[in-house]
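Enquirer: Quick check, what structure comes out for this input:
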Amino acid sequence: MDDILRLDAIGQAEAVREGLDPRELVEAAIARIEERNPALNAVIYERFERALEEVDQIPKDAPFRGVPILLKDLGWQQAGEPYSAGSRTMDGVRIDADAHGVVKVRQAGFVMLGRTNTPEFGSTITTEPRAFGPTRNPYDLGFSAGGSSGGSAAAVAAGMVAIGTASDGGGSIRIPASLCGLVGLKPTRGRSSFGPTLGEGWNGFSCNGFVTRTVRDTAAALDLISGYQPGDPYDAPALGRPLAEEVGADPGRLRIGFADVHPRGDVPAVPEVAEAVARAARILEGLGHDVEPGYPAALGDPDFPTHFGAIVADNLAAEIENVGRLRGKPVDLEELEPRNAAMVSVARGRSAADHILATQWIDRFRRRMTSWWAGGFDLLLVPSVGVAPFPLGWIPEDDLSIGFGRTAHVVSFTSPFNATGQPSISLPLHRTATGLPVGVQLVADIGREDLLIRIAAQVEEAHPFGS
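Expert: All right, here's what the predicted structure looks like:
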């Protein structure tokens, strides 16, 4: 079954339609997880027996009948099943309703094999929670798989499954995709619902999505979960047709600006990162696009990290209060990892007015940023990660100043687009001299996931990923 497991999710679904027993496919994925997960620690909760019971009940016309998938253990809740959000403070908590995305994934015929590792409450960019231990990068076990969707990314990169669910509040789809050599698209704000329990995540910064090996899988999967649900606080601009139909469509001749060094000035230049952007620029020029230096001036605003970080901390404090209610006992700061305890402590010292003022600053930042696309550019090309691939332990627990500083560098090219709500995609177009993946990011205007899929598919066809 190795050949089948090497296929992407669409390829596996086609194999089932052509006669492959979906139970055999699921059993092969389970065997692969059992073989590779001990070294990687990507999967923290297995539901193999239930998955095998469920596979025989899937309607034969389901588009992804029998295709294995893993769910990130942050969001993507399943009714009646364990849920940790990377924290022991959630021990014993059971979820009473399926998340909207889980319902859609199940209806499409995917078989959910388990849940993947994530940092505590998804608040950092490497998956090394105290509760479950570190997830290791399949390309080098001493290196980080990124966060917060690091478990899903490591599992997909290691061939356990072809697709994993993910979410992105500051780079948590794109960063793991970059570090693990995958495709990762953060959609437009409001493209998919956080229902039924939430209206939004991190004041709208967070979005649900997937990590995959191919552009067509990313497009088809996002189609499944897209759409407004009654009660959602906002909706994304409507797409003209399913994203799956954009794969192979001509993107036209595009005007693309690029930056390989962060304009804020406090993010060190990194040769491997600059090389990745330069290679992507050459590829795009070779495909007939106009590529030139250029980026929104607001990207260099030195005040952005402070306001973004304050909003994240405020939301984390609220989440910790909610955990206390769910478990019937308040969470002491000593129960949290030092990073989260510090963030919650700071947030508790802020006022409601402070929070509103931060959100209003972000509103103005969004207008300044998006005006660049209105000024004639179609796409922005920047790094997916602001630093080179980094080892486990590089974000220290015992020195929060260093940890927060390094985290800010990692998310320097991703978090601004969580704040603006724009769609962006990380593509695996480069490797370091030692073979570690380095992704590049393309950012489009609000609602233009269609353009991202067209250009990403064009690049993938001309320069197949992993080649």
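
Enquirer: What mean pLDDT does the one helix or strand Arg32 maps to get?
Expert: With elements taken from DSSP states H and E, the one containing Arg32 is helix 22-40. Helix 22-40 shows a mean pLDDT of 98.

Enquirer: residues in contact with that helix?
Expert: For helix 22-40, the surrounding residues in contact (Cβ atoms under 8 Å, 6 or more residues apart in numbering) are 1, 4-5, 12, 15-16, 43, 46, 48, 51-52, 55-56, 58, 65-68, 111, 113-114, 135-136, 138, 141, 145, 154-155, 158-161. Just so you know, the C-beta spots here come from the backbone N, C-alpha and C atoms, and that holds for glycine as well.

Enquirer: Which SSE is immediately downstream of that helix?
Expert: strand 43-46.

Enquirer: What separation is there between the residue nearest the centre of the chain and Val211?
Expert: Residue closest to the average C-alpha location in the chain (Cα atoms, centre = their mean): Ile173, at 1.4 Å. Counting by Cβ to Cβ, to the nearest Å, the separation of Ile173 from Val211 is 6 Å.

Enquirer: which residues do those two both contact?
Expert: Here Ile173 and Val211 share the contacting residues 149, 166, 184, scored by Cβ under 8 Å, 6+ apart.

Enquirer: Who does the second one form a beta bridge with?
Expert: Spelled out, it's Ala166. Beta bridges link Ala166 to Gly209 when assigned by DSSP bridges.

Enquirer: That one: neighbour count?
Expert: The tally of other residues near Ala166 (other Cβ atoms under 10 Å) stands at 34.

Enquirer: Next up, the contacts around it.
Expert: Neighbours of Ala166 in contact, by Cβ under 8 Å, 6+ apart: 72, 149, 152-153, 172-173, 176, 184, 208-211.

Enquirer: in the lowest-mean-pLDDT helix or strand in the chain, what counts as buried?
Expert: The weakest-scoring helix or strand in the chain, judged by mean pLDDT, DSSP states H and E, is helix 2-6 (a mean of 93). Applying a neighbour-count criterion of 16 or more other Cβ atoms under 10 Å, the buried positions in helix 2-6 are 4-5.

Enquirer: Also stretch 446-464?
Expert: 446-460.

Enquirer: Let's see which of the residues you listed end up in helices.
Expert: Cross-referencing those against helices under DSSP state H gives 449-460.

Enquirer: roughly how far out does stretch 188-200 sit from the chain middle?
Expert: 15 Å (Cα atoms, centre = their mean, to the nearest Å).

Enquirer: What are the contacting residues of it?
Expert: For stretch 188-200, using Cβ under 8 Å, 6+ apart, the contacting residues are 75, 77, 97, 99-101, 201, 204, 206-209, 222, 225-229, 231-237, 421-423, 446-449.

Enquirer: how about a cut-off of 7 Å?
Expert: For stretch 188-200, the external contacting residues (Cβ atoms under 7 Å, 6 or more residues apart in numbering) are 97, 100-101, 201, 204, 207-208, 225-226, 229, 231-236, 421-423, 446-447, 449.

Enquirer: Can you select the buried ones among the contacts of helix 22-40 for me in ChimeraX?
Expert: To isolate the buried members of the contacts of helix 22-40 in ChimeraX, using 16+ other Cβ under 10 Å:
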select :4,5,12,15,16,43,46,48,51,55,58,65,66,67,68,111,113,114,135,136,138,145,154,155,158,159,160,161
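
Enquirer: and the contacts of helix 22-40, which of them are in helices?
Expert: The members of those that map onto helices under DSSP H are 4-5, 12, 15-16, 48, 51-52, 55, 154-155.
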